[in-house]
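Trainee: Give me the fold of what follows.
(chains A and B)
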Protein chains: 2
Amino acid sequence: MTAHNVSIALPDGRAYEIRIGSQLLGEPTSWQGLPKSAAALIVTNDRVAPYYLERLRSALLARHASVEALVLPDGEFHKDWVSLQTVMDTLLERQADRKTVLYALGGGVIGDLTGFAASIYMRGVPFVQVPTTLLAQVDSSVGGKTAINHPLGKNMIGTFYQPARVIADLDSLDTLPDRELRAGLAEVIKYGPIADAEFLTWIEVNLDALLSRDKAALAHAVRRSCEIKAWVVQQDERESGLRAILNFGHTFGHAIETGLGYGAWLHGEAVGCGMLLASDLSARTGRMPADFVDRMRRLLERTSLPVVAPALGVERYMSLMRGDKKSEAGEIRFVLIEALGRAGTHAAPDDLVAQVLETHGGA
Amino acid sequence: MTAHNVSIALPDGRAYEIRIGSQLLGEPTSWQGLPKSAAALIVTNDRVAPYYLERLRSALLARHASVEALVLPDGEFHKDWVSLQTVMDTLLERQADRKTVLYALGGGVIGDLTGFAASIYMRGVPFVQVPTTLLAQVDSSVGGKTAINHPLGKNMIGTFYQPARVIADLDSLDTLPDRELRAGLAEVIKYGPIADAEFLTWIEVNLDALLSRDKAALAHAVRRSCEIKAWVVQQDERESGLRAILNFGHTFGHAIETGLGYGAWLHGEAVGCGMLLASDLSARTGRMPADFVDRMRRLLERTSLPVVAPALGVERYMSLMRGDKKSEAGEIRFVLIEALGRAGTHAAPDDLVAQVLETHGGA
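Mentor: Okay, here's the model as predicted:
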């Protein structure tokens, strides 16, 4: 299979490539042109390391005299201060200088954490995203949002910091648990309603191929997702406007994740359910017809994503969502679908939000 | 006294003002044009708060409906993870949104910490520097370097993040302890050898006025220091080259601070002593005549800054300096004076560094 490359070019001249294809980890050209340095640190987790760490380390030893690895425990629960400090301690104990390159080998947790660490170590060292989950390949590894969680809110602490490159090796999806594949598809589905009606139809037609991990189907899904994300990020790196549409389903979704405690639901599962609620809110506020909600529900059900929200109660949801980053002066802002392929950020009447939660199990 | 303003204009269009003068805290025009928001958080310490917190809070209540304050314990020892997390916890507990403005009221520790917190809270909220020490007014509040310390090195963790404005109220120097005034003068003295030979002469002539806190002398010293710093930062915000000259005296100085434990010496004291050592290294490497070292020593002695380095031993100094951010692949990089008013970053033979340490008490 040929590699598919997507480029992100920011207005100030910064630019980087997202390389998408098979057998990229062991391919020397994947790493050509990246910053050279004596030392590199791979940050990964204990589930990904047994499969891919040595393959990546071998490839990088051609570029760096020393390639160390830090293997963290797996899971959203560990996207926290403790892990961040562990990365800092590791770098300082090894006297890593400010040319040291960090490689994030894993899913969204590893990517967000490693990117954040790279952005603050000595005020910034280069880093490379090597996403091994579908969710990370189509979303979190692209666009430069880095973060850790806080007990009071998800991704509340972080930076905007772009990677030097993204290497999305589709082969790493072979070892992805089925539940995570489906969670990743939630973020793929997201790009349809917010930006590309045809892509939504393509996903509906090709969902079985995606679920059976057909490489050509996955390659198209990853590439089209990255193209849309790159198009958005190029216009609005720091989320002063347009970029917020990428958070479709995330206002409800983050409330679910924080309310249940990190890790109970996968991020993509919470976003999947959140998209159903946000679709319904789009309908109840008169922006979309009711059959759009049914269409989203069918697609989510076929993907085995949850369509019933956890019963945290309306008050708890409201309180959690008021703490969302998009909120301003206590007013919750939702990403709503305005037409198929177009989204925007809007406030919504509390009673309609409550109706949505009551209809879908959240109350 | 008329206010003196210095502007910093970065190549990408970002720009901000440094306002220098008397009675600026209570002056409404000081705050005009800054980002408006419902909520503001003043971060300060328990030594500055009794003098200036209510004055600043009163002034800001004209702009923000809610002005909260977080009063941290004073001292370099507290420029750490714990304080950073306290700022994050405070913001999240108050559900501060991403328009919230942070005000750093204090010296370099408060400014560096608050700037870092502002840069990572929800991936960045605006902040204003309100430096109350001479050191912060002439150096740390200007130029957008933020940081906390790590047990293995000073300022190792941080970001480049520019303030929206710097308000340097010279009246806040009235309550500054004498030892801190002298420590701040070390950073003023620094600007002479690295960038402005005439300014070095001006300091020598006006040192008694500065030490007696003559407002006109202080105004000139702060303004000229900020002009030089602005000139450097505008050319090299992220220290890819020129900006490193601002670290004259800091390679030895940081080793002293880390080696003795944070807070034993004030930062300016360590930099003062470090400048003497770096001046001597400039002489021993053939860049400057020996009488320059004597000239620096006399000026530092008149300022009551330490001219004898703590006896940590050559090996310990070397090890600490190899961990400096300017080091590359274990090679220590020193800022050396090349001619009066011009500096550059250079490696130096270990035996000459050892001679310098042996000569000035460090061995």
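Trainee: quick one, domains of chain A?
Mentor: Annotated domains of chain A cover A:4-175, A:178-359 [automatic domain parsing].
Trainee: in chain A, what spans have low per-residue confidence?
Mentor: The model of chain A has pLDDT under 70 over residues A:1-3.
Trainee: Show me which residues of it are close to chain B?
Mentor: With Cβ under 8 Å from any Cβ of the partner chain as the criterion, chain A meets chain B at residues A:12, A:38-39, A:81, A:85, A:88-89, A:92-93, A:95, A:97-99, A:116, A:119-124, A:145-147, A:150, A:152-153, A:156-160, A:238-239, A:322-323, A:325, A:327-330. No exception for glycine: its C-beta is placed from N, CA and C like everyone else's.
Trainee: Quick one: buried ones out of the residues you listed?
Mentor: A:39, A:81, A:88, A:92, A:95, A:97-99, A:116, A:119-124, A:145-147, A:150, A:153, A:156-160, A:239, A:323, A:325, A:327 (16 or more other Cβ atoms under 10 Å in any protein chain shown).
Trainee: hang on, the earlier thing: JSON lines for the domains of chain A, including distance to residue B:298?
Mentor: What follows is the domains of chain A, written out as JSON lines (distance: least, Cβ to Cβ, whole Å):
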{"stretch": "domain A:4-175", "distance to residue B:298": "35"}
{"stretch": "domain A:178-359", "distance to residue B:298": "50"}
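Trainee: tell me which residues in stretch A:306-323 are buried?
Mentor: A:306, A:307, A:309, A:310, A:312, A:314, A:316, A:317, A:318, A:320, A:321, A:323.
Trainee: which residues are in contact with it?
Mentor: The contact list for stretch A:306-323 (Cβ atoms under 8 Å, 6 or more residues apart in numbering or on different chains) reads A:152-153, A:251-252, A:254-256, A:258-260, A:265, A:269, A:272-273, A:276-277, A:297, A:300-301, A:327, A:330, A:332, A:350, A:353-354, A:357-358, A:360-363, B:92, B:95.
Trainee: can you give me the end-to-end distance of that stretch?
Mentor: End-to-end distance for stretch A:306-323: 23 Å, by Cα to Cα, to the nearest Å.
Trainee: Which of the buried residues of stretch A:306-323 fall in helices?
Mentor: Taking DSSP state H, the ones among the buried residues of stretch A:306-323 that sit in helices are A:314, A:316, A:317, A:318, A:320, A:321.
Trainee: And for chain A, the residue most distant from the center?
Mentor: Distance to the chain centre peaks in chain A at residue A:65, reaching 31.5 Å (criterion: Cα atoms, centre = their mean).
Trainee: And that residue, how close does it get to residue A:40?
Mentor: 9 Å (Cβ to Cβ, to the nearest Å).
Trainee: Which positions in the host helix or strand of residue A:53 come out as buried?
Mentor: Assigned by DSSP states H and E, residue A:53 falls within helix A:49-60. Neighbour-count burial for helix A:49-60, counted by 16+ other Cβ under 10 Å, picks out A:49, A:51, A:52, A:53, A:56, A:57, A:59, A:60.
Trainee: isn't there a helix covering residue A:42?
Mentor: No: counting by DSSP: H, G, I helix; E, B strand; the rest coil, residue A:42 falls outside a helix, being strand.
Trainee: Any idea what it is bridged to?
Mentor: Counting by DSSP bridges, residue A:42 is bridged to residue A:69, residue A:103.
Trainee: Report the contact partners of it.
Mentor: Contacts of residue A:42 by Cβ under 8 Å, 6+ apart are A:53, A:56, A:57, A:60, A:67, A:68, A:69, A:70, A:102, A:103, A:105.
Trainee: Dump those residues to CSV, plus distance to residue A:283.
Mentor: Output for these, formatted as CSV (distance: Cβ to Cβ, whole Å):
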residue, distance to residue A:283
A:53, 46
A:56, 45
A:57, 50
A:60, 49
A:67, 52
A:68, 52
A:69, 48
A:70, 46
A:102, 44
A:103, 44
A:105, 41
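Trainee: Now do the strands in the stretch 201-350 of chain A.
Mentor: A:334-339, A:342-346 (DSSP state E, counting those that start in this stretch).
Trainee: now do the stretch 1-150 of chain A
Mentor: A:4-9, A:15-21, A:39-45, A:66-72, A:101-106, A:127-131, A:145-150.
Trainee: got the buried residues for the second one?
Mentor: When you say that, I think you mean strand A:15-21. Quick answer for strand A:15-21 (16+ other Cβ under 10 Å): A:16, A:17, A:18, A:19, A:20, A:21.
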